[in-house]
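Chemist: below are the sequence and a predicted model for it; my questions follow.
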Amino acid sequence: MSRKSSGGSWIFFAFSLVVLGVAFYLSKGQLPWDRKAAPPPPPAPEPAVAPAPKLWASLSRFTVNKTRGRFTFKVELENNQPAERTVYAVVYGNNDAMTPPRRSAWPDPDPLFVQAGTQRGLLSPADISKDWEARPENTKGMKVALKPNRSESINGWLPMDETCPHKPWEGKPLDPERNYNEISLWVFSDTGGLVSSNTFMLNLK
């Protein structure tokens with residue numbers, strides 16, 4: 001009886017050694033109770049701050065002057081470069097939700113529409129930038145010389161026409177209670193490239 005008991009003890013001891021050896025191997029040289037807690041992950045890097053745009057452009061102070069029949073606004077331009085630059089600004093206003101539509105442009109709608117070849121008062125940046133070198137100066141927009149790291153503010157306005165000046169609605173009355181509801185500001189470089197485009201949706205009475 002004693003020999004069988006002794007033999008069983010040796011078998012159990014050998015089996016235990018094997019189990020411990022496997023566990024030691026799987027733990028890469030460390031016993032489970034000797035493992036240290038994993039270090040905390042490094043903190044996430046702070047997001048990079050985007051650089052200021054080389055040219056900042058916007059519109060503000062939208063007002064309807066019914067006495068003078070004008071839709072007024074302020075053009076704001078800021079040059080964030082260390083060198084002077086010349087740009088051309090165009091403001092296009094429309095309300096295509098009414099019939100006839102209300103459409104006009106600043107600084108002078110007639111030359112802009114004639115040069116674009118439109119009789120319906122439709123205008124886009126591509127209409128202005130095409131054939132830039134050959135087109136007359138008064139069809140490029142408001143010329144503005146921006147000094148280095150300086151800003152400029154310009155007052156502008158669109159006419160509140162009583163009748164539509166565009167074919168095929170020429171002479172038809174425009175609803176005096178419905179103003180421009182979409183105003184776009186396009187800014188072009190001195191070579192005709194579009195450098196800024198912003199559109200503002202409005203609901204002014």
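Modeler: The structure has been received and is ready for your questions. All values reported here derive from a predicted model rather than from experimental measurement.

Chemist: test my guess that Asn181 contacts Pro101.
Modeler: No. The pair Asn181 / Pro101 is not scored as a contact, 10.5 Å apart, by C-beta atoms under 8 Å. Heads up, the C-betas are built off the backbone N, CA and C, glycines and all.

Chemist: so what sits against both of the two?
Modeler: Jointly contacting Asn181 and Pro101 under the rule C-beta atoms under 8 Å, 6 or more residues apart in numbering are 94-95.

Chemist: quick one: contacts for Asn198?
Modeler: Under the contact definition (C-beta under 8 Å, 6+ apart), the residues listed for Asn198 are 57-59, 184-185.

Chemist: got it, and Asn79?
Modeler: Neighbouring residues of Asn79 by C-beta under 8 Å, 6+ apart: 54-55, 85, 146-151.

Chemist: report how many residues lie close to the residue lying closest to Arg70 once chain neighbours are set aside.
Modeler: With C-beta to C-beta, 6 or more residues apart in numbering as the measure, Trp157 is the residue that lies nearest to Arg70, at 4.3 Å, once sequence neighbours are left out. If you count neighbours by other C-beta atoms under 10 Å, Trp157 ends up with 18.

Chemist: A strand includes Trp157, no?
Modeler: Yes. The assignment for Trp157 is a strand, going by DSSP: H, G, I helix; E, B strand; the rest coil.

Chemist: specify the beta-bridge partners of it.
Modeler: When bridges are called by DSSP bridges, Trp157 pairs up with Thr72.

Chemist: name the next helix or strand downstream of the one helix or strand in the chain whose mean pLDDT sits lowest, please.
Modeler: Every helix and strand of the chain was ranked by mean pLDDT, DSSP states H and E. The lowest is helix 2-26, at a mean of 55. Reading on from helix 2-26 to the C-terminus, the next helix or strand found by DSSP states H and E is strand 55-65.

Chemist: can you point out the buried residues in that next one?
Modeler: 55, 57, 59, 62, 64 (16 or more other C-beta atoms under 10 Å).

Chemist: try stretch 80-91
Modeler: With the criterion 16+ other C-beta under 10 Å, stretch 80-91 contains buried residues 85, 87-91.

Chemist: Asn203: which of those residues is nearest?
Modeler: Ranking the buried residues of stretch 80-91 by separation from Asn203, with C-beta to C-beta as the measure, puts Val91 on top at 17.9 Å.

Chemist: look up how far Gly156 lies from the closest one.
Modeler: 6 Å (C-beta to C-beta, to the nearest Å).

Chemist: same check, this time on Thr191
Modeler: Thr191 sits 23 Å away from Gly156 when distances are taken as C-beta to C-beta.

Chemist: same thing with Ala83?
Modeler: Distance from Ala83 to Gly156, by C-beta to C-beta: 26 Å.

Chemist: ok so, going back, mind listing what the residue nearest to Arg70 touches?
Modeler: If a contact means C-beta under 8 Å, 6+ apart, then Trp157 has 65, 70-73, 106 as its contacts.

Chemist: I'd guessed Trp132 sits against Ala126; true?
Modeler: No. Look at Trp132 against Ala126 with C-beta under 8 Å: they stay out of range, at 11.0 Å.

Chemist: what's in contact with stretch 186-196?
Modeler: 53-57, 77, 85-92, 125, 128-129, 132-133, 140-141, 185, 197.
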